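Visitor: Structure, please.
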Amino acid sequence: MAALKFELEKKDPASQARAGTIITDHGVIQTPIFMPVGTAGTVKAVSQQQLKKDVSAQIILGNTYHLYLRPGLEVLQTAGGLHKFNGWERPILTDSGGYQVFSLAANRKISEEGVVFQSHIDGSKHLFSPEKAIEIQRVIGADIIMAFDECPPYPSAYKYVKNSMELTHRWLDRCFTHMNNTSSLYGHTQNLFPIVQGGTEKDLRKASCEFIASKDAVGNAIGGLSVGEPTELIYEYCGWSCEHLPENKPRYLMGVGTPADLLECIALGVDMFDCVMPTRNGRNAMLFTTEGIINIDNKKWEMDHSVVDPGLENETSRYYSKAYLRHLIKSKEILGLTIASIQNLAFYIWLVTEAREQIVKGSFSSWKKEILPVITRRL
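Guide: Model prediction:
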């Protein structure tokens with residue numbers, strides 16, 4: 001068992017983009033990296049075998065709130081944790097449930113102790129505290145686990161954002177205390193990442209970054225963005241956060257975003273990303289490809305027998321045609337959801353892998369300028 005290690009290998013000369021390697025007990029992650037979201041122990045419509053073979057995923061996410069409610073901690077612990085339960089041998093990251101609790105605004109109550117909320121499944125009441133969030137993530141067994149935080153909505157009054165940030169910091173101290181007083185259940189090291197908050201207030205963001213950095217954690221997360229604010233503010237406050245976080249630790253921007261968001265935020269110094277967009281949009285007929293964005297529902301693809309994406313090397317993207325995928329989607333065939341989800345995830349992984357290669361070569365900024373108009377155009 002060894003704590004997570006991060007090796008910073010190369011920086012782009014014309015931006016803050018960086019290439020690195022994260023080493024965990026379940027394997028190596030090359031950054032920048034995109035992490036497919038497996039909310040309930042599965043990336044929707046995609047098998048673990050497909051995640052490895054077609055998507056080339058190095059790490060996936062699990063969701064503390066959803067896994068706690070279903071299948072429940074007893075099932076996960078008797079299985080030996082989520083790795084054994086779902087058969088994924090590579091690294092896993094779990095969020096703390098804070099964002100899900102944030103999204104249940106009408107059914108939760110926040111106090112110093114934690115958050116009382118109602119289950120979206122059966123309406124039962126539960127308490128998530130910093131200690132409880134750590135306990136649940138111990139049972140899930142993820143390699144990287146997140147501190148319990150409060151995520152204020154956008155926009156929020158300055159005083160609310162400040163109080164929320166200070167509460168998140170007090171909760172963080174409790175998370176570290178509970179981590180230090182407990183042990184991994186399955187023989188591998190679990191690594192706690194704090195989460196920067198502070199909304200779109202520069203002084204609060206800076207203060208939060210400084211507080212988080214003082215904890216000397218093995219990695220740090222940037223939270224509280226992509227919660228309704230304009231895209232330009234996401235970039236501004238992401239960049240501001242990166243400026244005030246340690247350079248020698250991985251930086252994880254939570255819940256962002258589009259392919260353009262990934263490239264812009266890589267340029268600002270982010271190493272890790274997650275977002276439900278590739279799978280959610282895929283299930284709704286939007287394909288991200290190396291040639292541009294496709295609405296596969298459109299009639300223009302009905303007779304297009306070219307492959308879904310000739311620019312990707314995985315078997316799924318180069319085997320099925322656009323016309324066939326359109327037929328599956330229009331017919332509401334489950335296979336259509338799988339093909340679209342694999343395509344989008346494989347594209348996201350291709351994008352960050354290519355970004356890494358360009359950073360190593362010293363050509364990231366010029367490549368980004370060339371590729372952005374291509375991948376964001378509507379076909």
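Visitor: does Glu315 really touch Gln50, like I thought?
Guide: No: assessed by Cβ atoms under 8 Å, Glu315 is found out of contact with Gln50, at 9.5 Å. Using the backbone N, CA and C atoms, a C-beta is placed for each residue, glycine as well.
Visitor: More neighbours: those two, which one.
Guide: Set Glu315 next to Gln50 and count neighbours by other Cβ atoms under 10 Å: Gln50 wins out with 20 against 13.
Visitor: Can you give me the separation between that one and Phe128?
Guide: Using Cβ to Cβ, to the nearest Å, Gln50 is found at 32 Å from Phe128.
Visitor: next one: Ser365
Guide: 42 Å.
Visitor: and these two? which has more neighbours close in?
Guide: Phe128 (23 against 15).
Visitor: what pLDDT does the more buried one get?
Guide: Among the per-residue scores, Phe128 holds a pLDDT of 94.
Visitor: mind listing what the closest residue to Arg18 other than its chain neighbours touches?
Guide: Once flanking residues are discounted, Arg18 sits nearest to Lys11: 5.0 Å by Cβ to Cβ, 6 or more residues apart in numbering. By Cβ atoms under 8 Å, 6 or more residues apart in numbering, Lys11 lies in contact with 17-19, 359.
Visitor: now what about the helix-or-strand element of the chain with minimal mean pLDDT, what contacts it?
Guide: Every helix and strand of the chain was ranked by mean pLDDT, DSSP states H and E. The lowest is helix 98-103, at a mean of 73. Contact partners of helix 98-103, identified using Cβ under 8 Å, 6+ apart, comprise 63-66, 108, 115, 117, 128, 133, 146, 148-151, 153, 195, 223, 227, 254-255.
Visitor: hey, where'd the strands end up in the stretch 51-200 of the chain?
Guide: In the stretch 51-200 of the chain, the strands defined using DSSP state E, counting those that start in this stretch lie at 60-63, 92-95, 108-110, 115-118, 125-128, 144-146, 191-193, 195-196.
Visitor: ok, and which of those strands has the densest surroundings?
Guide: strand 195-196 (a mean of 30; mean count of other Cβ atoms under 10 Å).
Visitor: In the protein, where is pLDDT below threshold?
Guide: Scanning the chain for pLDDT under 70 picks out 105.
Visitor: in a helix, that's where Lys300 is, yeah?
Guide: Yes: per DSSP: H, G, I helix; E, B strand; the rest coil, Lys300 lies within a helix segment.
Visitor: any idea how far it is from Ala323?
Guide: Separation of Lys300 from Ala323 (Cβ to Cβ) stands at 10 Å.
Visitor: what sits in contact with each of the two?
Guide: Common contact partners of Lys300 and Ala323 (Cβ under 8 Å, 6+ apart): none.
Visitor: quick one: Cys175 and Ile134 touch, right?
Guide: Yes: counting by Cβ under 8 Å, Cys175 touches Ile134, with 5.6 Å between them.
Visitor: which neighbours do those two share?
Guide: Jointly contacting Cys175 and Ile134 under the rule Cβ under 8 Å, 6+ apart are 148, 192.
Visitor: Now distance to Ala260 too, for the strands of the stretch 51-200 of the chain, in JSON lines please.
Guide: Formatted as JSON lines, the strands of the stretch 51-200 of the chain follow (distance: least, Cβ to Cβ, whole Å):
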{"stretch": "strand 60-63", "distance to Ala260": "21"}
{"stretch": "strand 92-95", "distance to Ala260": "23"}
{"stretch": "strand 108-110", "distance to Ala260": "33"}
{"stretch": "strand 115-118", "distance to Ala260": "33"}
{"stretch": "strand 125-128", "distance to Ala260": "34"}
{"stretch": "strand 144-146", "distance to Ala260": "25"}
{"stretch": "strand 191-193", "distance to Ala260": "25"}
{"stretch": "strand 195-196", "distance to Ala260": "22"}
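Visitor: Spatially nearest residue to Cys275 (excluding sequence neighbours)?
Guide: In space, Cys275 is closest to Gly257, 5.5 Å off (Cβ to Cβ, 6+ apart).
Visitor: Mind telling me which residue is nearest the centre of this structure?
Guide: For the chain, Asp274 is the residue whose C-alpha lies nearest the centre (Cα atoms, centre = their mean; 2.0 Å).
Visitor: quick one: it and Val37 touch, right?
Guide: Yes: using Cβ under 8 Å, Asp274 is in contact with Val37, at 5.5 Å.
Visitor: List the contacts of the nearest residue to Phe148 once chain neighbours are set aside.
Guide: Of all residues not flanking Phe148 in the chain, Ala133 sits nearest, at 3.9 Å (Cβ to Cβ, 6+ apart). Listed by Cβ under 8 Å, 6+ apart, the contact set of Ala133 reads 64, 96-98, 147-148, 175.
Visitor: now, which of those lie within helices?
Guide: Residues from these lying in helices, with DSSP state H as the criterion: 64, 98, 175.
Visitor: Mind putting those into JSON lines with distance to Val374 and neighbour count?
Guide: Converted to JSON lines, those look like this (distance: Cβ to Cβ, whole Å; neighbours: other Cβ atoms under 10 Å):
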{"residue": "Thr64", "distance to Val374": "37", "neighbour count": "27"}
{"residue": "Gly98", "distance to Val374": "36", "neighbour count": "26"}
{"residue": "Cys175", "distance to Val374": "42", "neighbour count": "27"}
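Visitor: how about CSV for those, with distance to Thr289 added?
Guide: Output for those, formatted as CSV (distance: Cβ to Cβ, whole Å):
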residue, distance to Thr289
Thr64, 33
Gly98, 34
Cys175, 40
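Visitor: ok, so of those, who is nearest Tyr237?
Guide: Of all the ones in helices among the contacts of Ala133, Tyr237 sits closest to Gly98, with 18.1 Å by Cβ to Cβ.
Visitor: now the closest residue to the closest one other than its chain neighbours: how far from Gly219?
Guide: Closest residue in space to Gly98, ignoring its immediate chain neighbours: Asp149 at 4.6 Å, by Cβ to Cβ, 6+ apart. With the distance defined as Cβ to Cβ, Asp149 ends up 15 Å from Gly219.
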